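> Could you work out the structure for the sequence below:
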Amino acid sequence: MGPLDSLNHLLNFLAPAFWMALFMAMMGPLVLRGPRGLGRGAQWLLDFAVCSAVLLAGLWITGRDGKMLTYGALVLACATSHAVGQRLWRK
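Below you'll find the predicted structure:
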């Protein structure tokens with residue numbers, strides 16, 4: 001496998017983390033109504049890092065990419081990291 005194929009595989013592996021984090025960062029202020037905690041860019045980075053770690057852990061634990069268990073954990077972890085980033089426990 002060449003370097004472009006490796007890059008393609010890596011980008012496709014991280015695509016769910018990228019889009020989930022972007023969706024949460026963009027839609028979070030509309031749902032939460034008001035500025036709190038981290039800004040959009042910092043919140044996206046936090047969510048993307050957490051989602052990427054969950055995808056890697058899912059690959060390591062199950063031995064395959066794309067298991068529904070991994071995607072379920074991705075949603076829960078992203079929601080939790082978003083709540084922590086926006087300091088929702090102080091509401």
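> Now do the helices in this protein.
Taking DSSP state H as the test, the helices found in the chain are 3-32, 40-62, 68-85.
> Geometric centre of this structure: which residue is closest?
The structure's the chain has its C-alpha centroid closest to residue 51; by CA atoms, centre = their mean the separation is 3.1 Å.
> Tell me the pLDDT of the closest residue to that one other than its chain neighbours.
Once flanking residues are discounted, residue 51 sits nearest to residue 17: 3.5 Å by CB to CB, 6 or more residues apart in numbering. To be clear about C-beta, it is placed using only N, CA and C from the backbone, and glycine gets the same treatment. As predicted, residue 17 sits at a pLDDT of 96.
> Give me the number of neighbouring residues for residue 17.
Using other CB atoms under 10 Å, residue 17 has 22 neighbouring residues.
> Residue 74 now?
Residue 74 is flanked by 22 other residues according to other CB under 10 Å.
> try residue 45
That count, for residue 45 with other CB under 10 Å as the rule, works out to 14.
> what does residue 13 give?
15.
> who's in contact with it?
55, 59, 65 (CB atoms under 8 Å, 6 or more residues apart in numbering).
> measure the residue lying closest to the last one once chain neighbours are set aside to residue 79 for me?
Excluding the flanking residues, the one nearest residue 65 by CB to CB, 6+ apart is residue 59, at 5.4 Å. Distance, residue 59 to residue 79, using CB to CB, to the nearest Å: 21 Å.
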